[in-house]
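**Q** Need a 3D model of the sequence below.
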Amino acid sequence: MATQEPVVERHTPQAGGPAQPAVDTAYEEPAGRSKRPIIMVILALVLLVGGYFGWQRYQFGQTHEETDDAQVEGDVYPVLPRVGGPVLEVKVDDNQPVKKGDVLVVLDPADYQQRVNAAQAALLAAQANVTAARAAVATASANVRTAQASIGVSDANRARLEKDLKRSEFLRKEDIIPQSEYDAVQANLKSTTAQRATAQEQVSVARQQVAAAQQQVAVAEAVVKQRQADLDNAQLQLSYTTIKAPADGIVSRKGVQPGQVVGPGQQLFGIVASSRTWVVANFKETQLENMKVGQPVEVEVDAYPNEEFRGHIESLSAATGARFALLPPDNASGNFVKVTQRVPVKIVLDQVDPEHPLRAGMSVTATVAVK
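**A** Here you go, the predicted model:
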């Protein structure tokens, strides 16, 4: 802007009045420059920086797929009693680390111990029946031997009487012995033959008794096995009254107290495995075109905003998450609205950071390098 020249006002004295001094009044405006070039430079810099970062973001988006619909997952083992009964003792508290096999809860074993005692008594009775059945087999076998001995005696008597009969026939022809003596020899031979037949039948009966006794032994042994199985089952039920940790982990959501009566299948608490965690990221189906198993993944955990975790894709789900919902969508009924589906992707971390432990359920952001 052009500078203005100072304005000088001069007052002339009026007639009849006193003389007034001359007063110079000057108004000078401050000098300034136009701000438009500076604004243009700033806008140019902003556009340049924005374009650079936009281009970088575009290039990053072409080679990476990202989602914040992801969370940390881990094995959670439910602790369920397999038998019911009153709780005598609870040996753990919430958030307490436990090892596999540690005793967690003890139920009242009185009823189950009584069942074990009854099963043991039934087993002893069945074993005694086996002993008696085997003794019956021995007795039947002895009867067989006795009957066989009777057959031998009968055979010997018959051979002797057959010889006596031949001699008696010769003597009778010579009229040396009377007819009555000859008839007696014949009768004795017939009686011995009948005795042999009877002994033979006794052998058959005794053998049948042996077979029946052996069957009784088999039945008794089967009963012993059944009673042994009952005893094993009773002892197994008794062992279930001591509930142990199924794996290493941390106790969570304890909901049982001493004196409480629990039933089979009632969840008492959970054990969250602390040894292994992974990430399940739900990517849109439109993001899976270049995604493959083994690709590197960068994981940002909301709980640790200044830490980065690296991993890789272990597997991709065979179905979308909606397919596993309680009420899966049925697009063949009613009006159809297309919704982009999400597919769970399992991501495994390359190494564990003990100073920054990941807990199941934590929210994360997963970025996969697909190219």
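
**Q** Does the most centrally placed residue in the chain belong to a helix, a strand or coil?
**A** Among the residues of the chain, the one closest to the centroid is residue 77, at 8.0 Å (Cα atoms, centre = their mean). Three-state assignment for residue 77 (DSSP: H, G, I helix; E, B strand; the rest coil): strand.

**Q** wait, it sits on residue 244?
**A** No. In this structure, residue 77 is not within contact of residue 244 by Cβ atoms under 8 Å, at 11.4 Å. To be clear about C-beta, it is placed using only N, CA and C from the backbone, and glycine gets the same treatment.

**Q** Just the mean pLDDT for the helix or strand that contains residue 39, thanks.
**A** In this structure, residue 39 is located in helix 36-63 according to DSSP states H and E. Averaging the model's pLDDT scores along helix 36-63 yields 79.

**Q** 142 is where my numbering starts, stick with that
**A** All right, first residue 142 from here; so that's helix 177-204.

**Q** Pull the distance from it to the chain's centre.
**A** Counting by Cα atoms, centre = their mean, to the nearest Å, helix 177-204 is centred 55 Å from the centre of its parent chain.

**Q** counting contacts, what elements does that helix pack onto?
**A** Under the contact definition 3 or more Cβ pairs under 8 Å, 6 or more residues apart in numbering; DSSP states H and E, helix 177-204 sits against no other helix or strand.

**Q** residue ranges with poor pLDDT in the stretch 342-491 of the chain?
**A** 342-344, 346, 474-475 (pLDDT under 70).

**Q** Could you rerun that using 90?
**A** 342-363, 388, 396, 414-418, 430, 446-449, 462-481 (pLDDT under 90).

**Q** what's the pLDDT at residue 215?
**A** pLDDT, residue 215: 89.

**Q** my guess is it is in a strand, correct?
**A** Yes. According to three-state DSSP, the state of residue 215 is that of a strand.

**Q** and residue 206, helix, strand or coil?
**A** Going by three-state DSSP: residue 206 is strand.

**Q** Show the secondary-structure elements that the helix or strand where residue 391 lies is packed against.
**A** Element membership of residue 391 [criterion: DSSP H and E] is strand 390-393. Contacts defined by 3+ Cβ pairs under 8 Å, 6+ apart place strand 390-393 against strand 205-220, strand 238-239, strand 410-425.

**Q** Neighbouring strands of it in the sheet, and parallel or not?
**A** strand 238-239 (antiparallel), strand 410-425 (antiparallel) (DSSP bridges).

**Q** What are the buried residues along the next helix-or-strand element following the last one?
**A** Meaning strand 410-425. Downstream of strand 410-425, the first helix or strand assigned by DSSP H and E is strand 437-442. Of all the residues in strand 437-442, those buried under the rule 16 or more other Cβ atoms under 10 Å are 438, 439, 440, 441, 442.

**Q** now the first one: how far from residue 380?
**A** Taking Cβ to Cβ, to the nearest Å as the measure, residue 438 and residue 380 are separated by 44 Å.

**Q** Helix, strand or coil: sort out residue 247 for me.
**A** Classified using three-state DSSP, residue 247 is strand.

**Q** circling back: got the helices and strands packed on strand 390-393 as a markdown table, with distance to residue 228 columns?
**A** Below are the helices and strands packed on strand 390-393 laid out as a markdown table (distance: least, Cβ to Cβ, whole Å):
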| stretch | distance to residue 228 |
| --- | --- |
| strand 205-220 | 12 |
| strand 238-239 | 17 |
| strand 410-425 | 12 |
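
**Q** Tell me which of these sits nearest to residue 286.
**A** strand 205-220 (64.7 Å; Cβ to Cβ).

**Q** Quickly run through the sheet partners of the helix or strand following that closest one, with directions.
**A** Reading on from strand 205-220 to the C-terminus, the next helix or strand found by DSSP H and E is strand 226-231. For strand 226-231, the pairing partners within the sheet under DSSP bridges are strand 244-248 (antiparallel), strand 402-403 (antiparallel).
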